[in-house]
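Enquirer: sequence-free structure coming up:
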């Protein structure tokens with residue numbers, strides 16, 4: 001078969017971005033080959049490594065049962081997201097499956113992803129750890145699992161409409177119909193390329209469950225720097241809604257102080273003044289958020305008074321929990337009270353924003369059912 005005939009024959013490209021994964025290449029190629037079955041597949045590695053991964057791919061390609069290519073980038077522009085984008089540009093097939101090179105994404109799931117994609121009603125199929133029988137057991141420990149869950153919830157809260165039916169926008173394991181994607185509209189800034197695609201495009205999404213496995217070889221690439229990149233990516237993608245919510249919170253804080261000052265000046269005791277100020281600002285913040293932050297979600301959400309009741313109750317419970325925690329941080333851990341206050345308020349802000357996006361303004365059951373029938 002000539003090179004041209006081989007290129008025309010490919011109907012599936014498995015894109016594998018790699019960074020120092022030489023120890024995983026041979027096993028990954030073996031398992032992908034065994035999994036793709038009747039598909040005329042190719043494996044395309046996009047490599048940013050310094051450990052000889054590129055040479056290992058070239059060695060394995062000599063005896064592989066399907067086409068294996070590697071593109072090595074001396075300058076990893078756009079990070080992992082940029083590697084995936086380059087892989088999509090260079091893929092020989094429009095049906096692409098993106099997966100990590102450490103085998104925490106099981107290649108045996110590829111046929112199910114492709115089959116669901118070929119049903120034609122969606123253009124992206126996400127392999128999710130958080131739907132159906134999916135698991136995240138491959139995360140190193142309970143702390144990482146908690147961080148993963150928390151960041152997932154915050155991300156979904158920041159994009160409540162686009163991610164309404166996506167349980168795992170953070171995964172790097174997904175299938176996509178490249179022909180329906182305008183690659184020039186994407187500007188990857190981090191390693192969560194799927195999130196960027198879903199948020200920036202109108203493509204429809206479906207999910208299949210998968211078990212996030214242990215690494216086959218090598219060390220995890222998770223780091224504080226990646227965490228900072230991720231937060232930057234979220235901020236760039238969704239600066240408006242969250243910043244508006246933060247601004248309302250800041251206005252509420254100023255109003256709270258002003259109300260306490262005014263009431264105490266009129267002779268009311270500090271404790272009662274603080275309680276009145278807290279309740280007034282909770283109500284005021286809700287009304288402002290209704291109009292300026294979550295206005296686009298109101299039409300599909302519960303009735304106004306139900307939204308208000310849920311928000312009012314949650315904010316009071318949150319305050320009742322937060323203040324004792326702050327006291328423990330100051331009195332038992334020896335933390336300065338301004339620092340403890342800042343930390344608890346920052347956490348409370350994220351918790352409130354997440355709760356309101358995913359719970360207070362969640363679509364009514366009848367809206368969910370209508371969407372299910374249409375899809």
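Expert: Arrived safely, thanks for sending. Treat the numbers as computed from the prediction; the structure is a model and nothing was measured.

Enquirer: what ranges do the helices span in the stretch 251-375 of the chain?
Expert: For the stretch 251-375 of the chain, the helices defined by DSSP state H, counting those that start in this stretch cover 270-292, 304-331, 337-355, 365-374.

Enquirer: Strands of this structure, residue ranges please.
Expert: Assigned by DSSP state E, the strands in the chain fall at 12-18, 41-47, 68-72, 95-98, 124-128, 174-177, 205-209.

Enquirer: which outside residues touch the last one?
Expert: For strand 205-209, contacts defined as CB atoms under 8 Å, 6 or more residues apart in numbering pick out 109, 112-113, 116, 121-129, 131-134, 165-168, 198. Backbone N, C-alpha and C define where each C-beta goes, glycine included.

Enquirer: Quick one: mean pLDDT over stretch 163-171.
Expert: Mean pLDDT, computed over stretch 163-171, is 84.

Enquirer: now stretch 69-82
Expert: Regarding stretch 69-82, the rounded mean pLDDT is 87.

Enquirer: so how far is the first residue of that stretch from its last?
Expert: Start and end residues of stretch 69-82 are separated by 17 Å (CA to CA, to the nearest Å).

Enquirer: Pull out the buried residues from it.
Expert: Buried residues in stretch 69-82, counted by 16 or more other CB atoms under 10 Å: 69-71, 73, 76, 78-82.

Enquirer: give the contact list for the nearest residue to residue 26 once chain neighbours are set aside.
Expert: Closest residue in space to residue 26, ignoring its immediate chain neighbours: residue 60 at 5.1 Å, by CB to CB, 6 or more residues apart in numbering. Going by CB under 8 Å, 6+ apart, residue 60 touches 25-26, 29, 68.

Enquirer: Kindly indicate which of those residues lies nearest residue 291.
Expert: Ranked by distance to residue 291 (CB to CB), these are led by residue 25 at 54.5 Å.

Enquirer: Please name the nearest non-neighbouring residue to the closest one.
Expert: Distance criterion CB to CB, 6+ apart; nearest residue to residue 25, sequence neighbours excluded, is residue 56 at 4.7 Å.

Enquirer: And the residue nearest to residue 26, what's its pLDDT?
Expert: Model confidence at residue 60 (pLDDT) stands at 96.

Enquirer: now it: how far from residue 46?
Expert: 16 Å (CB to CB, to the nearest Å).

Enquirer: just to revisit the earlier point, just confirm the residue nearest to residue 25 contacts residue 20, I think it does.
Expert: No. If you go by CB atoms under 8 Å, residue 56 and residue 20 don't touch, sitting 10.7 Å apart.

Enquirer: ok, those two, which is more surrounded?
Expert: residue 56 (22 against 18; other CB atoms under 10 Å).

Enquirer: so how far is residue 101 from that one?
Expert: 11 Å.

Enquirer: any residues in contact with both of those two?
Expert: Overlap of the contact sets of residue 56 and residue 101 (by CB under 8 Å, 6+ apart) consists of residue 25.

Enquirer: For the buried residues of stretch 69-82, give me JSON lines that also has distance to residue 360.
Expert: Shown next, in JSON lines, are the buried residues of stretch 69-82 (distance: CB to CB, whole Å):
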{"residue": "69", "distance to residue 360": "49"}
{"residue": "70", "distance to residue 360": "49"}
{"residue": "71", "distance to residue 360": "46"}
{"residue": "73", "distance to residue 360": "44"}
{"residue": "76", "distance to residue 360": "41"}
{"residue": "78", "distance to residue 360": "36"}
{"residue": "79", "distance to residue 360": "35"}
{"residue": "80", "distance to residue 360": "34"}
{"residue": "81", "distance to residue 360": "32"}
{"residue": "82", "distance to residue 360": "37"}
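
Enquirer: How far does stretch 305-318 sit from its chain's centre?
Expert: Stretch 305-318 sits 26 Å away from the centroid of its parent chain (CA atoms, centre = their mean, to the nearest Å).

Enquirer: hmm, who's touching it?
Expert: So stretch 305-318 is contacted by 279, 282-283, 285-286, 290, 298, 301-302, 348, 351-352, 355-356, 359-361 (CB under 8 Å, 6+ apart).

Enquirer: Nearest to residue 183, out of the helices of the stretch 251-375 of the chain?
Expert: helix 365-374 (28.4 Å).

Enquirer: Can you name the residues that contact residue 251?
Expert: Shown in contact with residue 251 (CB under 8 Å, 6+ apart): 285, 288.

Enquirer: Count the residues that sit near residue 99.
Expert: Neighbour tally, residue 99, other CB under 10 Å: 26.

Enquirer: For the closest residue to it other than its chain neighbours, what are phi and psi?
Expert: Among residues not flanking residue 99 along the chain, residue 105 sits closest, at 4.2 Å (CB to CB, 6+ apart). Dihedral pair for residue 105: phi -100, psi 110, per degrees, to the nearest 10.

Enquirer: Pull the contacting residues for residue 105.
Expert: Contacts of residue 105 (CB under 8 Å, 6+ apart): 99, 127, 172-173, 210, 212-213.

Enquirer: All set now, cheers.
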